[in-house]
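Participant: Predicted model, plus sequence, below.
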Amino acid sequence: MNNLRASFFLAYKGIVKGNMGTTLLTVAVMTLAFINLLFLSSILLGLVNTMNRQGINNLYGNIVIEPEDKKSLIVNSKRVTDLVESVPGVTASSRHYKAGGFFTFDKYKNGQNVNTGRYSVLSIDPSVEKNVTDISDAMIAGDYLDDNDRDKIIIGKDISGGYEGSFEKESLGGVVPGDEVVVLYENGIERKYTVKGIFNSKFVQSDKNAFITNREMESILGVSNGAHEIIIKVDESQPESHYITKFKDMGLKESIYPWNDYMGMTASFTQSFTLIRTLLSAIALLVAGITIYIVVYINILNKKRQIGILQAIGIDKVIIVRSYTVQALFYAASGIILGLSILRLLLVPYFAGHPLEFPVGDVRLEVVASEILISIAALLFAGFISGYMPAKKQTDKTILEAIWG
Amino acid sequence: MLKVENVTRTFGTKVLTHALKGVSFEIKKGEFVIIMGKSGSGKSTLLHQMGLLDTPTSGEIYIADKNIKELSTGQQTEFRLTTLGYIFQEYAILPELTAIENVYLPMMVNTKSEGTPKSEKAKEMLEMVDLGHRLNHYSNELSGGEQQRVAIARALINSPQILFADEPCANLDTLSTKTVLGLLENLNKSIGQTIVMVSHDPDDQRYADHVIWLEDGLIKSDKYKIKGELI
Ligand SMILES: Nc1ncnc2c1ncn2[C@@H]1O[C@H](COP(=O)(O)OP(=O)(O)OP(=O)(O)O)[C@@H](O)[C@H]1O
Ligand SMILES: [Mg+2]
């Protein structure tokens, strides 16, 4: 008990009487190390979450129903949408057809500046789609589709061009609402559309899509009441698997997948990011640890004699080692407190107001409690080890060596 | 109180320095012992062995009827804290602590002193060495003589059975030397503090009642003062 008090007393005096500049510098390095531990991982987490959100909001909903094995179409799609929508927690569903289209755009109608490109054309029931995806909210020029539109198309900014999208070079080179594009479908049917609007979901994968109405698509494909996919939005209080089981139990023979089965890109991103995060965290931790080690080590080099004297007058090694460990933990703890304050009070609000613009959408800092706890534990551990080691090494020398060595 | 039996201390591995070549003597409670000898004769080395700061190559040392060889590391630390007091030649007070904190520290960790009002006792000790007006000064604010007196107060705080002092006045001017030596003499006379002091100044013999001369790692003479005569 008294020994503990003595350790803290010596640590306190060491910090108070120690070099103020060194203390401040050390705390500053610890602060940076702590922010470093969390900052990048928060950005990466923000990025991954944005990608996932974008996938859900613009492409897949929460759950996707595809045709039964070996069939190319969901037949009687109304049966399916009625069934899934009867399940509590399902908020909306919408059916899509998909077709590949070869686009031709002759801006000046003189055959001189013709741009072409192959894009996916999806068809929707515009008013229903609003409840499932966010495309209707992403219009940056012109208008969204109406249910009765037949010769209208809306296209993503990476098809239209002119918005400095990620695929500007491969775009049609500056389509604006009112322009005409010709689409040649895979089955040989060719249609001429007036571009009704251009959308920017900020998500590369969906900004290369074009949408027409289901009525138009059914006339092209010569089918009715079918779908290539039905995407479903659910109340996220339950995991997707819960709904999928429900659907299957109700007798749906179609193939059913959760959204993340389609996010192969994000999944591999996430994996690589996790690796990078771990690596960078390890480096940050090592830097923090080595910094404390060097500070404590130099401190101890300067205090070799003092440590010898303490031992000579009968102060237990344990007390001495612990006093240096406490000092190191103090540096680490100060860094944690300062770092966390800067992160929570400065950086998070800043990035909330000024999100980073990635080709997958706006990315904000997402700091999660578990990561904070891990970082705190990690930095304290690094502080403990790097305070303990040099002090232990020094006190294990003989007293005379310490005083005169 | 203290018995040294045939103690040797050899330094080095290739080139051997025989600092102590077999030293034996005995010290009784209440004695003021002075160990004299030329530079390099082994005085400090001997004191280190007795003060548990170093380990003899061979031989036995008994302090308060305990063979110090048989003490564990922890017991040795405890012994240095409670049974021995040590004053170094160079000023050895801790620069991060004030005078009173320096004195107070050994008492803080001494379980045997629990219950005693510590800062009171530390203040008393500093008043005893005439530093009642320097309680909250740091070492860089104290003169050499004042620092050495703080060291004496610190060495005495746990009421040690033996006080060791290795040339405590080597770095002091004449006046400070007089004060410090007077203080030690006073302690010896008034409370019967056993003191073992190293010195190379023959004048200091007047304070002692037991003088041991070392020469080249061996005892040249071991005399007691009886009626002012060293015999
Ligand atoms: N750690 C050591 N390693 C090697 N030799 C040592 C060591 N400590 C002391 N010696 C040698 O032992 C001998 C005795 O040294 P010691 O310090 O005991 O002398 P001293 O009598 O105290 O001298 P002084 O009056 O100068 O303080 C010297 O020859 C010294 O060089
Ligand atoms: Mg000496």
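Facilitator: That came through fine. Numbering: from 1, shown residues only, chains lettered A, B, ... in the order given. Ligands and ions are numbered 1, 2, ... in the order given.

Participant: Outline the domain layout of chain A.
Facilitator: By the record's domain assignment, chain A is partitioned as A:2-55+A:267-404, A:68-253 (automatic domain parsing).

Participant: Can you give me the first-to-last residue distance of the shortest one?
Facilitator: Domain A:68-253 has its terminal residues 6 Å apart, counting by Cα to Cα, to the nearest Å.

Participant: helix, strand or coil for the residue of the stretch 251-400 of chain A found nearest chain B?
Facilitator: Per Cβ to the nearest Cβ, A:Gly314 is where the stretch 251-400 of chain A lies closest to chain B, at 2.6 Å. Yep, even glycine has a C-beta here, placed from its N, CA and C like the rest. Of the three states, A:Gly314 takes coil under DSSP: H, G, I helix; E, B strand; the rest coil.

Participant: Tell me which residues touch it, please.
Facilitator: By Cβ atoms under 8 Å, 6 or more residues apart in numbering or on different chains, the contact set of A:Gly314 is B:77-82, B:84, B:106, B:109, B:158.

Participant: and the longest helix along chain B, which residues are buried?
Facilitator: Across chain B, the longest stretch assigned as helix under DSSP state H is helix B:174-191. Buried positions in helix B:174-191, judged by neighbour count with 16 or more other Cβ atoms under 10 Å in any protein chain shown: B:176-177, B:179-181, B:183-185, B:187-188.

Participant: For A:Ile63, give its distance to B:Asp166.
Facilitator: Distance, A:Ile63 to B:Asp166, by Cβ to Cβ, to the nearest Å: 85 Å.

Participant: How about B:Gly30?
Facilitator: From B:Gly30 over to B:Asp166 (counting by Cβ to Cβ), the distance is 21 Å.

Participant: Likewise for A:Gly14?
Facilitator: A:Gly14 is 27 Å from B:Asp166, by Cβ to Cβ.

Participant: any idea where the strands of the chain begin and end?
Facilitator: All of this is about chain A. Along chain A, counting by DSSP state E, strands occupy A:63-66, A:74-75, A:90-106, A:114-124, A:139-142, A:152-156, A:180-185, A:190-199, A:209-213, A:226-227, A:229-234, A:255-258, A:356-358, A:361-363.

Participant: other chain: chain B
Facilitator: Remark: strands assigned in chain B by DSSP E are B:2-11, B:17-27, B:32-37, B:58-63, B:66-67, B:84-87, B:162-166, B:194-199, B:210-215, B:218-226, B:229-230.

Participant: and among those strands, the most buried is which?
Facilitator: Across these, averaging neighbours per residue (mean count of other Cβ atoms under 10 Å in any protein chain shown) puts strand B:84-87 on top, at a mean of 27.

Participant: got a pLDDT number for the nearest residue in space to B:Ser44 that is not next to it in sequence?
Facilitator: Spatial nearest neighbour of B:Ser44, chain neighbours left out: B:Asp166 (5.5 Å); criterion: Cβ to Cβ, 6 or more residues apart in numbering or on different chains. With respect to pLDDT, B:Asp166 scores 94.

Participant: Same check on B:Glu114?
Facilitator: So, for B:Glu114, pLDDT stands at 69.

Participant: Then A:Ser41?
Facilitator: Looking at A:Ser41, its pLDDT reads 81.

Participant: how much space is there between it and ligand 1?
Facilitator: From A:Ser41 across to ligand 1, the span is 52 Å (Cβ to the nearest ligand atom, to the nearest Å).

Participant: ok, the closest residue to that residue other than its chain neighbours - contacts?
Facilitator: Distances taken as Cβ to Cβ, 6+ apart put A:Arg277 closest to A:Ser41, at 4.5 Å, once the chain neighbours are dropped. By Cβ under 8 Å, 6+ apart, the contact set of A:Arg277 is A:40-41, A:44.

Participant: Distance of A:Arg277 relative to A:Ile283?
Facilitator: A:Arg277 sits 11 Å away from A:Ile283 when distances are taken as Cβ to Cβ.

Participant: contacting residues for the most centrally placed residue in chain B?
Facilitator: Centroid-nearest residue in chain B, with Cα atoms, centre = their mean: B:Phe164, separated by 1.2 Å. Each residue near B:Phe164 by Cβ under 8 Å, 6+ apart is listed here: B:47, B:50-51, B:84-87, B:195-197.

Participant: where does the chain have its least confident helix or strand?
Facilitator: As the question left the chain open, I've gone with chain A. Every helix and strand of chain A was ranked by mean pLDDT, DSSP states H and E. The lowest is helix A:264-302, at a mean of 82.

Participant: thought A:Ala288 was touching A:Leu379?
Facilitator: Yes. Between A:Ala288 and A:Leu379 there is a contact under Cβ atoms under 8 Å: 5.8 Å.

Participant: Among the contacts of B:Phe164, which one lies nearest to ligand 1?
Facilitator: Nearest to ligand 1 among the contacts of B:Phe164, counting by Cβ to the nearest ligand atom, is B:Leu47 at 7.8 Å.

Participant: Spatially, what comes nearest to A:Lys202 if we skip its sequence neighbours?
Facilitator: Nearest to A:Lys202 is A:Gly361, by Cβ to Cβ, 6+ apart, at 4.4 Å.

Participant: Before we move on, what's the pLDDT of that neighbour?
Facilitator: 87.

Participant: What of A:Ile153?
Facilitator: 96.

Participant: low-confidence ranges in the chain?
Facilitator: Let's take chain A. In the predicted model, chain A carries pLDDT under 70 at residues A:1, A:405.

Participant: that's the other chain; I wanted chain B
Facilitator: Along chain B, the parts satisfying pLDDT under 70 run over B:114.

Participant: Around chain A, pick out the residues from it.
Facilitator: For chain B, the residues in contact with chain A (Cβ under 8 Å from any Cβ of the partner chain) are B:48, B:51, B:53-54, B:74, B:77-82, B:84, B:86, B:88, B:92, B:94-97, B:101, B:105-106, B:108-111, B:114, B:138, B:154-155, B:158.

Participant: Could you rerun that using 6 Å?
Facilitator: Within chain B, the residues that sit near chain A (Cβ under 6 Å from any Cβ of the partner chain) are B:53-54, B:77, B:80-81, B:86, B:92, B:94, B:96-97, B:106, B:108-109.

Participant: Buried ones in stretch A:134-141, by neighbour count?
Facilitator: Within stretch A:134-141, the residues scored as buried using 16+ other Cβ under 10 Å are A:134-136, A:138-139, A:141.

Participant: nearest to chain B, of the residues you listed?
Facilitator: A:Asp134 (63.3 Å).

Participant: The nearest residue to the closest one once chain neighbours are set aside: how many residues sit nearby?
Facilitator: Among residues not flanking A:Asp134 along the chain, A:Asn57 sits closest, at 4.5 Å (Cβ to Cβ, 6+ apart). By other Cβ atoms under 10 Å in any protein chain shown, 21 other residues sit near A:Asn57.

Participant: ok, now how distant is A:Asn57 from chain B?
Facilitator: With distances taken as Cβ to the nearest Cβ, to the nearest Å, A:Asn57 is found 61 Å from chain B.

Participant: Looking at the stretch 201-350 of chain A, what residue ends up closest to ligand 1?
Facilitator: For the stretch 201-350 of chain A, Cβ to the nearest ligand atom, closest residue to ligand 1: A:Gly308, 13.0 Å.

Participant: Report the contact partners of that residue.
Facilitator: Listed by Cβ atoms under 6 Å, 6 or more residues apart in numbering or on different chains, the contact set of A:Gly308 reads A:399, A:402-403.
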